[in-house]
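# Could you look at this predicted model? Sequence included:
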Amino acid sequence: MTTSEQTPLTDAAAWARLNAHYEQVKDLHLRELFEQDPTRGETFTASAGDLFVDYSKNRLTAETLEILVDLARERGVAERFEAMVTGEKINTTEGRAVLHTALRAPRGAVVEVDGVDVVPQVHEVLDRMAAFADSVRSGEWVGHTGQRIRTVINIGIGGSDLGPAMAYTALKPFTQREIECRFVSNVDGADIAEATRGLDAATTLFIVSSKTFTTLETLTNATTARDWLVGQLGDESAVAKHFVAVSTNAEAVGGFGIDTANMFGFWDWVGGRYSFDSAIGLSLMVAVGPDGFRELLAGMHEIDEHVRTTPLERNVPVLLGLIGIWYRDFFGAQTHAVLPYSQYLDKLADYLQQLDMESNGKSVTLSGQPVDAPTGPIVWGTPGTNGQHAYYQLIHQGTTMVPADFIGIARPAEDVGEHQDLLMANYFAQPEALAFGKTPEALREEGVAEELVPHRTFEGNRPTNSILLPELTPRTLGQLIATYEHKVFTQGTIWGINSFDQWGVELGKVLAKRIAPELTAGSDADLAHDSSTNALIRRYRSLRGR
Ligand code: F6P
């Protein structure tokens with residue numbers, strides 16, 4: 001469906017059916033659903049690549065899924081996916097194609113943008129990245145004083161940081177341990193100061209990652225890093241061996257003083273939050289090696305193919321997207337928790353926050369009309385079991401519905417003693433407790449004192465998806481991330497919004513640019529903001545002795 005053809009979501013026939021159906025099923029309890037259909041736990045499941053997804057503990061019936069799939073059909077999810085992967089300019093507000101899927105297309109595939117096949121360009125950059133990564137990993141690439149690199153610091157923010165940082169943590173067991181990667185993003189000077197503390201500049205390599213190469217945080221951190229390096233090595237020419245760049249903006253890279261021979265490019269058809277499998281993943285490739293990186297790409301490609309070729313009823317990212325819509329738009333759930341039972345996935349929720357919230361945090365449709373249903377949820381989460389001892393109380397007994405994805409790994413890299421079975425016992429127990437709860441009758445049977453019964457009752461009926469991976473490897477991580485990418489795509493398509501722009505981050509940037517000089521110079525009388533902002537700036541100046 002093209003932008004001009006798009007009709008309001010609430011006019012969709014399936015939408016009206018969902019509204020009516022919701023009234024019939026909204027009070028059904030998961031206890032009843034499982035009682036009615038003893039095979040539910042086996043049939044409400046699907047697989048994509050190595051990912052197994054059990055969506056049986058959701059407040060829906062086979063009919064709910066049928067209507068949701070009809071909604072996906074009516075809103076043209078499959079057609080728009082095809083339009084995206086074949087290079088149509090579906091990012092209409094920026095006039096761009098959206099082709100992160102081309103980043104993992106195999107050599108020889110053809111994907112055209114404006115009549116040009118982009119796949120050879122993708123592989124040309126991948127090959128250059130591989131040669132560079134190999135030379136750093138082998139010690140062939142040496143710094144200004146002839147020493148090999150021991151620390152790689154990626155400087156970037158948002159999509160130029162979160163992906164490689166998340167994947168580096170996730171894939172630690174696959175990294176070359178003699179080289180450590182660090183990630184600097186925040187313009188807070190503490191970030192770069194702590195990342196460089198105690199390091200020897202002679203063995204440190206900076207990768208400045210910025211699609212635009214105009215981002216204030218990244219350029220400020222890169223400048224500070226360059227000063228630190230030149231300060232230690234005492235020679236401006238040292239920059240050449242200690243700084244490389246990843247960007248679409250060769251001119252600005254050259255202007256910063258990085259030799260464009262040491263620049264790795266990508267393209268305007270790769271959105272920042274969809275870019276960690278582009279050259280933005282260079283630090284990750286140094287860490288896991290070119291083969292590991294290619295495995296990650298292969299895993300992502302498997303899911304791209306899954307989405308393209310699997311009927312919607314069994315299409316994992318589509319199903320996850322539809323289930324999310326069911327809760328967001330019909331049950332009014334405002335948040336979605338991602339709860340990986342793997343310490344290696346510590347940064348997954350941070351990554352998914354940008355992927356999902358920057359994509360679907362929109363309130364107008366592609367045609368500029370106000371949306372007629374709530375869009376993207378607030379995405380959050382931390383690894384289990386830590387959250388169990390912090391915020392799970394609210395998920396179990398609070399007044400807010402928190403749909404959650406539980407992600408488990410069967411065979412962990414660090415299979416230490418009893419740890420894994422204890423971890424996974426919790427991974428299985430929490431969704432069970434959330435779904436089935438504990439009734440007052442059961443408590444009374446156990447002899448719980450009557451005055452404690454209301455406090456100890458678990459209502460249950462709290463929805464979850466259980467996602468199970470055999471192992472966490474570059475390939476399965478790629479599958480997991482591509483699954484979430486296409487879940488976000490599915491939802492954005494159904495809502496009829498542009499998941500690929502992010503105008504909402506602009507205003508704050510513009511105002512910060514205006515305020516920055518006011519913090520150091522000018523008189524209080526010159527401040528022309530609202531009274532609150534003026535007073536806060538005055539107080540800050542005074543606290544800084546200005
Ligand atoms: O502020 C939003 C944003 O544009 C993100 O979309 C992007 O990932 C990030 O800033 C960093 O941008 P760049 O890679 O151009 O430095």
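Perfect, thanks for sending it.
# contacts and neighbour counts: CA atoms only from here.
Noted.
# List the contacts of the residue of the stretch 1-150 of the chain found nearest the ligand.
Using Cα to the nearest ligand atom, Glu94 is the residue of the stretch 1-150 of the chain that sits closest to the ligand, at 12.7 Å. Taking Cα atoms under 8 Å, 6 or more residues apart in numbering as the criterion, Glu94 is in contact with Asp501.
# ok, how many other residues are close to Ser542?
Summarising burial for Ser542: neighbours were counted as other Cα atoms under 10 Å, giving 10.
# I'd like the distance between the residue of the stretch 1-150 of the chain closest to the ligand and Leu348.
When distances are taken as Cα to Cα, to the nearest Å, Glu94 and Leu348 turn out to be 28 Å apart.
# what does Gly76 give?
With distances defined as Cα to Cα, the gap from Gly76 to Leu348 amounts to 29 Å.
# all helices for the stretch 51-200 of the chain, in order.
In the stretch 51-200 of the chain, the segments counted as helices under DSSP state H, counting those that start in this stretch are 62-74, 77-85, 119-138, 162-170, 189-196.
# can you put these in CSV and add mean neighbour count, mean pLDDT and distance to Ser359?
Shown next, in CSV, are those (neighbours: other Cα atoms under 10 Å; pLDDT from 0 to 100; distance: least, Cα to Cα, whole Å):
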stretch, mean neighbour count, mean pLDDT, distance to Ser359
helix 62-74, 18, 98, 18
helix 77-85, 18, 98, 15
helix 119-138, 18, 98, 24
helix 162-170, 24, 98, 15
helix 189-196, 16, 98, 26
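# any chance of the ones you listed in JSON lines, with distance to Asp291 too?
Formatted as JSON lines, these follow (distance: least, Cα to Cα, whole Å):
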{"stretch": "helix 62-74", "distance to Asp291": "37"}
{"stretch": "helix 77-85", "distance to Asp291": "25"}
{"stretch": "helix 119-138", "distance to Asp291": "9"}
{"stretch": "helix 162-170", "distance to Asp291": "15"}
{"stretch": "helix 189-196", "distance to Asp291": "28"}
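# so which of those comes closest to Lys487?
When the helices of the stretch 51-200 of the chain are compared by Cα to Cα, helix 77-85 sits nearest Lys487, at 10.7 Å.
# Who are the packing partners of the closest one?
With contacts defined as 3 or more Cα pairs under 8 Å, 6 or more residues apart in numbering; DSSP states H and E, helix 77-85 has these neighbours: helix 282-309, helix 474-495.
# in the longest one, what's buried?
Translated: helix 282-309. Applying a neighbour-count criterion of 16 or more other Cα atoms under 10 Å, one finds 282-290, 292-304, 306-308 buried in helix 282-309.
# coming back round to it: can you add distance to the ligand and give the helices of the stretch 51-200 of the chain back as CSV?
Written out in CSV, the entries for these read as follows (distance: least, Cα to the nearest ligand atom, whole Å):
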stretch, distance to the ligand
helix 62-74, 27
helix 77-85, 19
helix 119-138, 17
helix 162-170, 8
helix 189-196, 16
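# moving C-terminal of the helix or strand of the chain with the lowest mean pLDDT, what's the next helix or strand?
Confidence across the helices and strands of the chain bottoms out at helix 506-518, with a mean of 92, counting by mean pLDDT, DSSP states H and E. If you walk from helix 506-518 toward the C-terminus, the next helix or strand you reach (DSSP states H and E) is helix 531-543.
# quick one on the thing from earlier: is it possible to get a markdown table of the helices and strands packed on helix 77-85 that adds mean pLDDT and distance to Gly255?
Below are the helices and strands packed on helix 77-85 laid out as a markdown table (pLDDT from 0 to 100; distance: least, Cα to Cα, whole Å):
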| stretch | mean pLDDT | distance to Gly255 |
| --- | --- | --- |
| helix 282-309 | 98 | 21 |
| helix 474-495 | 98 | 34 |
